[in-house]
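> Can you look at this prediction? I've put the sequence above it.
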Amino acid sequence: MKTSSFLLAIDSGNTAIKWGLRDGDQWLARGRVLQSERLTLKQAWETLPSPESILISNVAGLQAADDLKALLEPWHVSPCWITAKASQCGVISHYAAPEQLGCDRWAALIAAWHKIQQACLVVDVGTALTVDALSCTGEFLGGIILPGPDVMQQMLTDRTGTLMPPVACSFQDFPVNTDNALYSGMIQALAGAVERMHRLLVNHLKKQVPVAVIITGGNATLLDQHIHIPHQIADNLVLEGLVIIASSDKSGSTPNR
C-alpha cells in the first residue's frame, strides 16, 4: 500500500489560522479561519486525505496548541511544532536568542530567502506589523515589531474615546475630518516604518545591491498603494516557509509547557 506524501502546513497566528494540504509542489486545499472559530476546522479537515506529516507554526498560545492537537488526533500523526533556530534552510539568525524569535517570522524569512535569494525586507501586516531584514547572504540581521492596523486604531480610539473609523474612511495626505485623520495616521505610521527600515538596510549594506521588499499577512493589501518603494505581495509566506522546512528538516518540537 502506497504511503501518503501529503503535508498539512498550519500557520496559527494571533488572529487567524491559515492552513494548506500540500502534495509535492502544489496545494491541494487551503483555508483560513479566525482563532475564535478554530474548532470549525474539524468539519473542514474531515474530508481531507490523511497527511503523512503535519508542520505547525503557532504563536497563539497554549490553548490554541491544545485545540489543534485535539483536532489533529483522528489522523494519528504526531505534528511537528517549529521553533526558530540559529541556522536553517540557508538563513542564519543574528537574533540574540534565536529560539525567542517568533516561529512565524522565522518561517516567513526562510520562504522569502528561497523566493528571491537577495537582500530584502520581510513585512508581515497582521495583528502586529513586523519588518525583518535579510542580508544578501541570507543573514537575518534583526527586525522591528509595532502594532498592526487594527490594533493601532483600536488603541488610539480606546484612549481618546472616539469611535472606530468607519469602513468608508479614506486616506488623505492632509485629512480634514477625524475619521480620515485616524485612518491616514495609521497608514502613514506603518508605511513610514517600512520605508525607514528599507533605507536603514540599504545604508547598512554599504554597497550597490538591490533590496527587495516582500509584504505578506492579512492586511498586506492595505499598505500596497501607500509604500512608495518597489515591493511585492506574497500570500501565505509562512505556509510556504513551512513547506521548505518540512522538505529539508524533519525534526520538530512540542509546545513548551
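Yep, it's here.
> remind me, longest helix of the chain?
Counting by DSSP state H, the longest helix found in the chain is helix 178-205.
> Mind giving me the packing neighbours of that one?
strand 120-125, strand 128-134, strand 139-147, helix 149-160, strand 212-216, helix 220-224 (3 or more C-beta pairs under 8 Å, 6 or more residues apart in numbering; DSSP states H and E). Glycine gets a C-beta too; all of them are placed from N, C-alpha and C.
> Most tightly packed of those?
strand 120-125 (a mean of 26; mean count of other C-beta atoms under 10 Å).
> so how far is that strand off the chain centroid?
Centre-to-centre, strand 120-125 and its host chain are 9 Å apart (C-alpha atoms, centre = their mean, to the nearest Å).
> Who does that strand pair with, and is each partner parallel or antiparallel?
strand 128-134 (antiparallel), strand 212-216 (parallel) (DSSP bridges).
> Make TSV out of those and add mean pLDDT and distance to residue 243.
Below are those laid out as TSV (pLDDT from 0 to 100; distance: least, C-beta to C-beta, whole Å):
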stretch	mean pLDDT	distance to residue 243
strand 128-134	97	19
strand 212-216	98	14
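> can you redo the ones you listed as TSV with distance to residue 195?
Below are those laid out as TSV (distance: least, C-beta to C-beta, whole Å):
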stretch	distance to residue 195
strand 128-134	10
strand 212-216	9
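> so which of those comes closest to residue 229?
strand 212-216 (6.0 Å; C-beta to C-beta).
> quick one: contacts of the closest one?
108, 112, 115-116, 118-125, 194, 198, 223-224, 227, 229-238 (C-beta atoms under 8 Å, 6 or more residues apart in numbering).
> picking that back up, which of the helices and strands packed on helix 178-205 has the lowest mean pLDDT?
For the helices and strands packed on helix 178-205, the weakest mean pLDDT is recorded on helix 149-160, namely a mean of 80.
> Send over stretch 174-191 as PDB, restricted to the C-alpha atoms.
Taking C-alpha atoms only, stretch 174-191 is exported to PDB below (Å, rounded to 0.1, in the frame of the first residue of the first chain):
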ATOM      1  CA  PHE A 174      -4.000  66.200   4.800                       C
ATOM      2  CA  PRO A 175      -7.100  64.800   6.400                       C
ATOM      3  CA  VAL A 176      -9.900  67.200   7.100                       C
ATOM      4  CA  ASN A 177     -12.000  65.100   9.500                       C
ATOM      5  CA  THR A 178     -11.300  62.900  12.500                       C
ATOM      6  CA  ASP A 179     -12.100  59.600  10.900                       C
ATOM      7  CA  ASN A 180      -9.800  60.100   8.000                       C
ATOM      8  CA  ALA A 181      -7.200  61.600  10.300                       C
ATOM      9  CA  LEU A 182      -7.100  58.400  12.400                       C
ATOM     10  CA  TYR A 183      -7.100  56.200   9.300                       C
ATOM     11  CA  SER A 184      -4.500  58.200   7.400                       C
ATOM     12  CA  GLY A 185      -2.300  58.500  10.500                       C
ATOM     13  CA  MET A 186      -2.300  54.700  10.900                       C
ATOM     14  CA  ILE A 187      -1.300  54.200   7.200                       C
ATOM     15  CA  GLN A 188       1.400  56.900   7.400                       C
ATOM     16  CA  ALA A 189       2.900  55.300  10.500                       C
ATOM     17  CA  LEU A 190       3.000  51.700   9.100                       C
ATOM     18  CA  ALA A 191       4.100  52.700   5.600                       C
END
